[in-house]
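Novice: this is the structure alone, sequence omitted:
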């Protein structure tokens with residue numbers, strides 16, 4: 001199974017109305033576990049960012065795997081109004097969102113099965 005925690009969000013379609021209902025507060029913020037590549041137009045405070053070994057500028061992740069800009073208490077983006085362009089283009093409930101959520105649910109199910117054995 002692919003590891004979507006390091007999947008780049010390149011090629012996301014411009015924002016459009018999603019066909020499938022999704023609710024960010026109930027999906028465990030799976031998209032906030034993706035690697036978000038920053039562009040020159042993004043003005044994100046440096047304490048929220050890092051550089052990959054290949055030099056790509058990205059949003060940093062905490063030890064828990066979530067983006068460091070994620071408010072863990074409210075389960076939402078603490079820099080939402082100034083979030084990266086790639087995050088603005090992510091379509092909640094769109095095909096990519098649904099694929100990420102589906103893969104994450106399958107991974108969690110496998111982890112639960114392993115724990116129960």
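Specialist: Perfect, thanks for sending it. In this text the structure is predicted, and so the values were computed from the model without any measurement.

Novice: can you tell me the SS state at residue 88?
Specialist: For residue 88, the assignment made with DSSP: H, G, I helix; E, B strand; the rest coil gives helix.

Novice: which stretches of the chain have low pLDDT?
Specialist: Scanning the chain for pLDDT under 70 picks out the ranges 1-27, 113-117.

Novice: at 80 instead, please
Specialist: 1-29, 108, 110-117 (pLDDT under 80).

Novice: mind listing the strands for it?
Specialist: 49-51, 57-59, 70-71, 76-77 (DSSP state E).

Novice: nearest approach to residue 37 belongs to which of those strands?
Specialist: Smallest distance to residue 37 across these (C-beta to C-beta): 5.6 Å, for strand 57-59. The way it works is simple: take the backbone N, C-alpha and C, and place the C-beta from them, glycine included.

Novice: need the longest helix for the protein.
Specialist: The residue-count maximum for a helix in the chain (DSSP state H) belongs to helix 95-116.

Novice: rewinding a little: need the strands of the chain in TSV (columns: distance to residue 28).
Specialist: Shown next, in TSV, are the strands of the chain (distance: least, C-beta to C-beta, whole Å):
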stretch	distance to residue 28
strand 49-51	23
strand 57-59	18
strand 70-71	11
strand 76-77	12
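
Novice: out of these, deepest packed?
Specialist: Across the strands of the chain, averaging neighbours per residue (mean count of other C-beta atoms under 10 Å) puts strand 57-59 on top, at a mean of 20.

Novice: fine, thanks again, bye for now.
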